[in-house]
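Q: Just the structure for this:
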Amino acid sequence: MLTRPNKINSYFVGRDKPSGILKAFVHGRSPARFKSQTNPYFPTRDQQQDHSPSLKPSLNPSAPGRVLCNGFVLDNAITLSRPVPMPKRPYPAHDLPSNSVAAAASFCLTKFVTVTEKATTMNTTPALHRTAFVFNGSFDKSIDSFTDYVTKFIEINRGNNRPLLIRISSSGGVPEVVFAFCGLLRQVQVEGHEVWVHVLSQLCNFTYMIAEVADKVYMEPSASFQFGQMTARVSGNIIKIADKKKHQQQLFDQLCDSIVKRSKGKLKKEEVSAWRAKHISAQEALALGLCDEVAPDPEPQEKPTNKSEWVMRVSGSFANQADIYNLQIALNIFLEDSANTGRPIRVYLTSQGGTVAYALALYGLLLEAQRLGHHVTVHVIGQAYSCALWFATCALKAGTVLIDSYAMLMFHAPWIDEIAADLDDIDDLVAVQLAVYKQTRALLKQIPGFTEALISEWEVGEDRFMNAAEAVSLGLGRLSTDKPVAA
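A: Numbering: from 1, shown residues only. Take a look at the predicted model:
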C-alpha cells in the first residue's frame, strides 16, 4: 500500500513543481522514501492524536473533506480545525516529464477527490460527495497502483455511502486481471458504496465486465464497446494443450455471460459468443441494455468574467497514451475540486493528430466539463491535423472555438496499422474501424460547412489542408482576436 508524503506543501496539484511522489512515479522509481512514513493528515479512526502544532484532526460528520497531499481526501467524518489553502490551479499535465514511462505502465497518478454535489445525471443518489478516478489504458499486471487507490477508497470511506465514479477508457486487458478488479469493485459495493462507470472512449472485450459490475453505466455519445473472439497462446505438454484451451474458453464464457446478463435477455449467448469483431455504439448499447444512459450534449455556458481561466495545453500527438492520461488526470483533478466551480477552461491545441481512441477519451472528459458548468474554449494556435480537427468540435456547441490566423488545419480519412489476418478477419476488423470512423465523422458534421457531400469528396482525395480563414468560413469557430498585452 502506498503512503503519501507528510508535508503540507507536497500537493499533487502543486503550482510550480510536482510533488516528490509524483516525480518518483513518472520516472518509474518506487517512492520508497515515503513507504515508512505516517501521514498526519490522514489519521485512521483509532489514531486521532495531534501530529502537528498547527493542524489538529477533529470529528465533524457534517463537514465535507478537502483535497490534500497528493490528491487524497480526508474521510468525511474527519476534518482539520484549520482550513488548508488550495493551490491556485492544478499542476499542468503538459509540464510533466516527457518520458513518463510509469504513467503509461502503472497508471498510478489517479486522483482521490471529494466534491460538492454538481448537477450531473449520474449524481442521483442522496449520498456523500462522490470520489472520482480516471483510467486510460490496458488492464494488465501494471494496474496494481490503480487498485491500491480503490483499496484506499474502501479504507477511508468505511462506514459511509460515498459513491465511487470511474471515468474510463480501455483497449482491453488480461482476463484474470479484469476479474480481480471486478472483485474489488464488488467489495466496494459490499461496503455500501455505489459504483458508477463513465465510458469516455471505448471499452474492449474483457474490460466490459467492469461496466457489467457497476450500478450505473453511462457513455459519451462518441464512445463504444468493442468485442471479438478471444486470442490465446498455449504452449507446453501437447497432451495437456486441450485442457489449457478449455481454461481459456471458460474465461471467454464468463465474458459472454456478463454481456448476456447485462442485456436482460436482449442478447443470447450463442449470438454473443459468435461475434468476431463487433462494434457497438453508445446508442446501440443503450438499446441493448449494455449501458444505462448516453450522456446528453452539454448546454451552452456563458463565460464568466469574474473568474480566471484554467489553462491546459494539448500539443504534439494524440498517439502517446501517457501524455493523454496525464492531461486527463489534471482535468479530472480540476473538475472534482469544488473550488473550481464555474471556472472557465482554455485548451491550447496544436497537434498533428494521433490515435482516435486517445483523442476521444480527452474529448469526452471536456464534454463532461461543460456539463458540469465550465465554459470551454479550444484555441487552435498551431496545427489541427487529422483527429485534432474534429477534436476542436468539443467546444463548438456549448463553448468557444478560436483559430489563430497562423494556424493550419487538415482533414483526411483515418489510417490503420498493418493487419495480418485471414481475409474474412480483415473484413471484420476493417468494419470495426469504419464504425469508429462513422462516429468521428458525425463529430465533423457538427461543423456547418462540413456537409455529407463535402466529407465524401474529401475522404477519397489527398490530405485536405485549410488555412484559418477557410476553416472559419466553414463554421469551425472564429478567428482569434487576442492581442499581446504590454507589460
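
Q: only C-alpha atoms for contact and neighbour calcs from this point on.
A: Noted.

Q: how many neighbours does the nearest residue to A223 once chain neighbours are set aside have?
A: Closest residue to A223 apart from its sequence neighbours, by CA to CA, 6 or more residues apart in numbering: S201 at 4.4 Å. Residues within reach of S201, counting by other CA atoms under 10 Å, total 29.

Q: now S201: how far from L365?
A: Distance of S201 to L365, given as CA to CA, to the nearest Å: 9 Å.

Q: again with E470
A: 28 Å.

Q: Pick out whichever of the two has more residues nearby.
A: L365 (24 against 13).

Q: Look at the more buried one and give its secondary structure.
A: Look at L365: counting by DSSP: H, G, I helix; E, B strand; the rest coil, its state is helix.

Q: Skipping its backbone neighbours, what lies nearest it in space?
A: Using CA to CA, 6+ apart, the closest residue to L365 is L200 (6.6 Å).

Q: so who does the one you found touch?
A: Counting by CA atoms under 8 Å, 6 or more residues apart in numbering, L200 touches 167-169, 219-220, 223, 360-365.

Q: list the buried ones in whichever helix or strand it is part of?
A: Per DSSP states H and E, L200 falls inside strand 195-204. Neighbour-count burial for strand 195-204 flags 195-204 (criterion: 16 or more other CA atoms under 10 Å).

Q: And the most far-flung residue of the chain relative to its centre, its phi and psi?
A: Distance from the C-alpha centroid of the chain peaks at I239, with 44.5 Å (CA atoms, centre = their mean). Backbone torsions of I239, given as degrees, to the nearest 10, read phi -70, psi -30.

Q: Just the pLDDT at it, thanks.
A: Note on I239: pLDDT of 78.

Q: The residue nearest to L365 and E293, how far apart?
A: 13 Å.

Q: in the stretch 1-150 of the chain, what spans have low per-residue confidence?
A: 1-127 (pLDDT under 70).

Q: give the contact list for the residue nearest to P175 when sequence neighbours are not counted.
A: Using CA to CA, 6+ apart and skipping the chain neighbours, the partner closest in space to P175 is F206 (6.0 Å). Residues near F206 by CA under 8 Å, 6+ apart: 172-175, 178, 255.

Q: Could you look up the SS state of F206?
A: helix.

Q: and what of the one 3 residues further on?
A: Using three-state DSSP as the criterion, the local structure at M209 reads helix.

Q: Quick check: it touching V178?
A: Yes - using CA atoms under 8 Å, M209 is in contact with V178, at 7.5 Å.

Q: Was I right to think A407 contacts L389?
A: No - using CA under 8 Å, A407 makes no contact with L389, being 11.6 Å away.

Q: More neighbours: the two, which one.
A: More crowded of A407 and L389, by other CA under 10 Å: L389, with 25 against 19.

Q: Now the more buried one: which helix or strand?
A: helix 387-391.

Q: Spatially nearest residue to S473, not counting backbone neighbours?
A: Per CA to CA, 6+ apart, closest to S473 is G449, 7.7 Å.

Q: tally of neighbours for that neighbour?
A: G449, neighbours per other CA under 10 Å, totals 16.

Q: any idea whether it is helix, strand or coil?
A: Secondary structure assignment for G449 (three-state DSSP): coil.

Q: so it makes contact with V472?
A: No - G449 is beyond contact range of V472, at 9.4 Å (criterion: CA under 8 Å).

Q: Give me the contact list for stretch 179-193.
A: Counting by CA under 8 Å, 6+ apart, 147, 150-151, 154, 158-164, 194-195, 209-210, 213-214 sit against stretch 179-193.

Q: again, but for stretch 224-243
A: Residues contacting stretch 224-243 (CA under 8 Å, 6+ apart): 201-205, 208, 244-245, 248, 252, 273-282, 285, 432.
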